[in-house]
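Student: Just to be clear, the model below is a prediction. Sequence and coordinates:
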Amino acid sequence: MSDVARAAGVSVMTVSNVLNDRPRVGAATRERVLAVVAELGYEIDLTARRLRTGRTGTVALVVPRFDHQYYAELAALLATAFAENGHHLVVEQSNASRENELAAVSPARLRFYDGIVLSAVGLTAEDVTHLRGEVPLVLLGEQDLPEVVDHVMMANAEGARLATEHLLERGSRRIAVLGGARVGDVAGGIGPQRTAGWRAAHRARGLEPPEELVAPVSDHGSGGARGATTELFRRYPDVDAVFAVTDQLAVGALAALHDLGRRVPEEVRVIGFDNLDLLAQVPPGLSTVDPSNAWIVEQTVELLERRIADPAAPAVLRESPVRVVARGSTD
């Protein structure tokens, strides 16, 4: 670092600020330092840094899939927010596997990170209990887990209730839930909670939720949703609305409805959940539930930085506010 500072004509502290992506360095100085870093081939020795300071300057985000647009947008927001606090973000993929999630928080992996944000799908309640105090950790996800680790959750059932209520208010009565969970299903993740919200909205109006219109999807990509929607309308052509439990599934539903010649929203209304940026721009514009990603990111960064600074702080559970964003697919 001293070599870089001499070659760039700046202080060692300035080099440190640049390498840690702190915002207190001017653009021209930052470019000069980075050019010297590239020229000299300087690399940060994370092991040496940890031995010297007890910190690596790096935190990890572990998500189920890289190819899900929601996690891509979340990672981008978190990377920016952590950088403002002097932390680099590394992203790992778990493939929604309990074994991979446990590996991501194993002692061998922890020497590389100051803390971990884990979007938990496979972890059990017993797993989480054992993680208490082992590592600065914030859980993201929908599972009902012991409140022994900091946890930032979406209001899944409430968001789904609002989405279904939005469709009911517009006159829809045969509302399918795409990616939902049937009564008795033991599947984890978002399906059961968002289906519970769909049921609650019907019952609040004195309606019996049409359980035959719960359409599980084995492949949560848009391709799986396209096939599931086609099969749904083959069996129940009177469906007049689709609540897709994610925006990505809603894309598949819209594609299938186009294939079937069903007009949106004139014949079938469609609403999703996630408020992905891209889908606001694609005609007719997807109505969706906004889970308040900026709020989720703010809370996640705050809790992880707090946990890094004070490992003994009491665990916190926070649930995001949600709202419906109405666009052309329902209006």
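Tutor: Nice, I can see it.
Student: Please list all residues in contact with the residue minimising distance to the centre of the chain.
Tutor: Taking C-alpha atoms, centre = their mean, the centroid of the chain lies closest to Y71, which sits 4.6 Å from it. Contacts for Y71 (C-beta atoms under 8 Å, 6 or more residues apart in numbering) come out as V63, P64, R65, S119. Yep, even glycine has a C-beta here, placed from its N, CA and C like the rest.
Student: Got the phi and psi for the nearest residue to S329 once chain neighbours are set aside?
Tutor: Leaving out its chain neighbours, the residue that sits closest to S329 by C-beta to C-beta, 6 or more residues apart in numbering is V270, at 4.5 Å. Taking degrees, to the nearest 10, you get phi -130, psi 130 for the backbone angles of V270.
Student: re the thing from before, what's the helix or strand for the residue nearest to the centre of the chain?
Tutor: Here Y71 sits within helix 69-84, counting by DSSP states H and E.
Student: what's the distance between the residue nearest to the centre of the chain and N95?
Tutor: The spacing between Y71 and N95, counted by C-beta to C-beta, to the nearest Å, is 12 Å.
Student: neighbours around the closest residue to E231 other than its chain neighbours, how many?
Tutor: Leaving aside its chain neighbours, E231 sits nearest to A215 (7.9 Å; criterion: C-beta to C-beta, 6+ apart). Residues near A215, counting by other C-beta atoms under 10 Å, number 24.
Student: check contacts around A215.
Tutor: Here A215 is in contact with A176, V177, L178, G179, G180, A228, T229, E231, L232 (C-beta under 8 Å, 6+ apart).
Student: what about burial for those residues, which qualify?
Tutor: With burial judged by 16 or more other C-beta atoms under 10 Å, the buried subset of those is A176, V177, L178, G179, G180, A228, T229, L232.
Student: starting at the chain centroid, how far to stretch 57-73?
Tutor: Put simply, stretch 57-73 sits 8 Å off its chain's centre (C-alpha atoms, centre = their mean, to the nearest Å).
Student: Output it as PDB, restricted to C-alpha atoms.
Tutor: In PDB, the C-alpha atoms belonging to stretch 57-73 read as follows (Å, rounded to 0.1, in the frame of the first residue of the first chain):
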ATOM      1  CA  GLY A  57     -13.600  -5.500   4.900                       C
ATOM      2  CA  THR A  58     -15.800  -8.000   3.100                       C
ATOM      3  CA  VAL A  59     -19.300  -9.300   3.800                       C
ATOM      4  CA  ALA A  60     -21.200 -12.100   1.900                       C
ATOM      5  CA  LEU A  61     -24.700 -12.300   0.500                       C
ATOM      6  CA  VAL A  62     -25.900 -15.900   0.000                       C
ATOM      7  CA  VAL A  63     -28.900 -16.200  -2.300                       C
ATOM      8  CA  PRO A  64     -30.700 -19.300  -3.700                       C
ATOM      9  CA  ARG A  65     -30.200 -18.400  -7.400                       C
ATOM     10  CA  PHE A  66     -28.200 -15.900  -9.400                       C
ATOM     11  CA  ASP A  67     -30.600 -16.100 -12.400                       C
ATOM     12  CA  HIS A  68     -33.600 -14.800 -10.400                       C
ATOM     13  CA  GLN A  69     -34.100 -11.100 -11.200                       C
ATOM     14  CA  TYR A  70     -35.200 -10.300  -7.700                       C
ATOM     15  CA  TYR A  71     -31.900 -11.500  -6.200                       C
ATOM     16  CA  ALA A  72     -30.000  -9.600  -8.800                       C
ATOM     17  CA  GLU A  73     -31.700  -6.300  -7.900                       C
END
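Student: So for it, what gets flagged as buried?
Tutor: Those would be 57-65, 68-71, 73, for stretch 57-73 by 16+ other C-beta under 10 Å.
Student: do the same with stretch 126-140
Tutor: D127, V128, L131, V135, P136, L137, V138, L139, L140.
Student: Quick one: mean pLDDT for it?
Tutor: Stretch 126-140 carries an average pLDDT of 83.
Student: repeat for stretch 175-186
Tutor: In this model, stretch 175-186 has an average pLDDT of 88.
Student: In contact with the closest residue to N95 other than its chain neighbours: list those residues for me.
Tutor: Nearest residue to N95, sequence neighbours excluded (C-beta to C-beta, 6+ apart): P64, at 6.5 Å. By C-beta under 8 Å, 6+ apart, the contact list for P64 reads Y71, Q93, S94, N95, A96, S119, V121.
Student: Next, find the distance separating the residue nearest to the centre of the chain from T229.
Tutor: Following C-beta to C-beta, the distance that separates Y71 from T229 is 23 Å.
Student: picking up where we left off before, so which of the contacts of A215 are in strands?
Tutor: A176, V177, L178 (DSSP state E).
Student: Buried residues in stretch 276-285, which are they?
Tutor: L276, L279, G285.
Student: Which helix or strand in this protein has the lowest average pLDDT?
Tutor: Taking mean pLDDT, DSSP states H and E as the measure, helix 46-53 is the helix or strand of the chain with the lowest mean score, a mean of 52.
Student: I'd like to know which of the contacts of A215 is nearest to S2.
Tutor: G179 (55.3 Å; C-beta to C-beta).
Student: among the buried residues of stretch 126-140, which two are most distant?
Tutor: D127 and P136, at 16.9 Å, using C-beta to C-beta across the buried residues of stretch 126-140.
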